[in-house]
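> Build me a structure from this.
(one chain, ligands or ions: 1)
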Amino acid sequence: MSLTSISKTMDRADLDRPECRLVLVELFGLMRRMQARGAKYSSWYGAVDAWPSAWEHINRGPDYRPHPENPDELRIPWFLLWEIAWLVANTPIRPGARILDMGGAGSLFSCYLASRGCELHTIDLEEGLCVEAENTAKKMGWRVIGRQMDMRRLEYPDAFFDHVFSVCVFEHLPVSGRVQCNAEVARVLRPGGTVGYTFDYANPQAFGRLDSPDDVWRQFVEPSGLRPRGGDTFIDTGHRYLASPQCFGFGRFMRAMAALHALLTGSVERPKMLSGATSYTFGSVFMEKGPA
Ligand SMILES: C[S@@+](CC[C@H](N)C(=O)[O-])C[C@H]1O[C@@H](n2cnc3c(N)ncnc32)[C@H](O)[C@@H]1O
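From the prediction side, this is the model:
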């Protein structure tokens, strides 16, 4: 098994790598500029302007440590900083590239790409987020085209994009939808184009179903027919940072009740619940399309 691959689970130490630090410096500058101009981006839960819920706080896990330089810890936990920095640092983004961000309308990631001068196409099921994305782009002078669209049916011509990204959206799709989407992505990507995704890995919730390198291969690489980039094996570093809110309770009694509820309703995978393996993390996968 290859020991180095950019397709891997999240590691807090990745943020200290020089290539990630570089992205973070740009990102923090952008966040400050946007704040100063009253321009908005969505929180890691995909909401604009909403006050974060207790749910979000619990989801960060009991050992959560803020990133010391993060100018917006309330909306953007270090996990999302990792997703952005890792995808950007590991993708050779062409100047002026045409990019698709799936499920990312109004997100900090899409703002960052647009701020670098890319032509950013961003889609989401929520129309409001697409409108918000275009309003923000007007305010900031960026090229952003937001469209309400289901990522399982991409309404774009063949070979249209240089790069396709998606940040923490695939876990919201059924496995059949993940497969469908990846076949579509291969179609809209130009030869030589790249793909980079992040997603929940080992999330115990019943809909998670991304628990092993094999799952990553079967749901992303195989249905797309694209080739892995930066190493052909997905590496699970073993770190787990996030907590599933379904398993949370104040004190032992409440926790037992939450566990019982999750078991009875089947909202959390029973073997994971019973073995206590309910923390999870994020993962990344990188692919590319061969030349024509
Ligand atoms: C966790 S949030 C967004 C995270 C965002 N990408 C970011 O970087 O912060 C997930 C988003 O995916 C969108 N979404 C879910 N299923 C989708 C689908 N089938 N097609 C397009 N967008 C979808 C939701 O509406 C929501 O805005």
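> going forward, measure contacts and count neighbours with C-alpha atoms only.
OK.
> Residues touching the helix or strand residue 137 falls within, excluding its own?
Using DSSP states H and E, residue 137 maps to helix 127-140. The contact list for helix 127-140, computed with C-alpha atoms under 8 Å, 6 or more residues apart in numbering, reads 34, 39-41, 48, 105-107, 111, 114, 122-124, 143-148.
> Please flag which of those sit within helices.
34, 111, 114 (DSSP state H).
> related to what we said a few turns ago, which ones among the contacts of helix 127-140 lie within strands?
122, 123, 124, 144, 145, 146, 147, 148 (DSSP state E).
> show me what contacts the closest residue in space to the fourth one that isn't next to it in sequence?
Computed as C-alpha to C-alpha, 6 or more residues apart in numbering, the closest residue to residue 144 that is not its neighbour in sequence is residue 120, at 4.8 Å. Residue 120 sits next to 98, 99, 100, 101, 110, 113, 114, 143, 144, 145 when contact means C-alpha under 8 Å, 6+ apart.
> just checking, residue 120 is part of a strand?
Yes: Residue 120 forms part of a strand when assessed by DSSP: H, G, I helix; E, B strand; the rest coil.
> Model confidence for it, exactly?
pLDDT for residue 120: 98.
> now it: how far from residue 136?
Residue 120 sits 13 Å away from residue 136, going by C-alpha to C-alpha, to the nearest Å.
> can you check residue 54 too?
28 Å.
> So between these two, which is more surrounded?
residue 136 (21 against 9; other C-alpha atoms under 10 Å).
> pLDDT wise, what is the more buried one at?
For residue 136, pLDDT reads 97.
> Show me what from this structure comes close to the ligand.
With the criterion set to C-alpha under 6 Å from any ligand atom, the chain comes near the ligand through 44-46, 102-104, 107, 109, 123-126, 149-152, 167-169, 172.
> change it to 5 Å
44, 45, 46, 103, 104, 107, 124, 125, 150, 151, 167, 169 (C-alpha under 5 Å from any ligand atom).
> CSV for those, including pLDDT?
Converted to CSV, the residues of the chain next to the ligand look like this (pLDDT from 0 to 100):
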residue, pLDDT
44, 95
45, 93
46, 92
103, 98
104, 97
107, 98
124, 98
125, 98
150, 98
151, 98
167, 98
169, 97
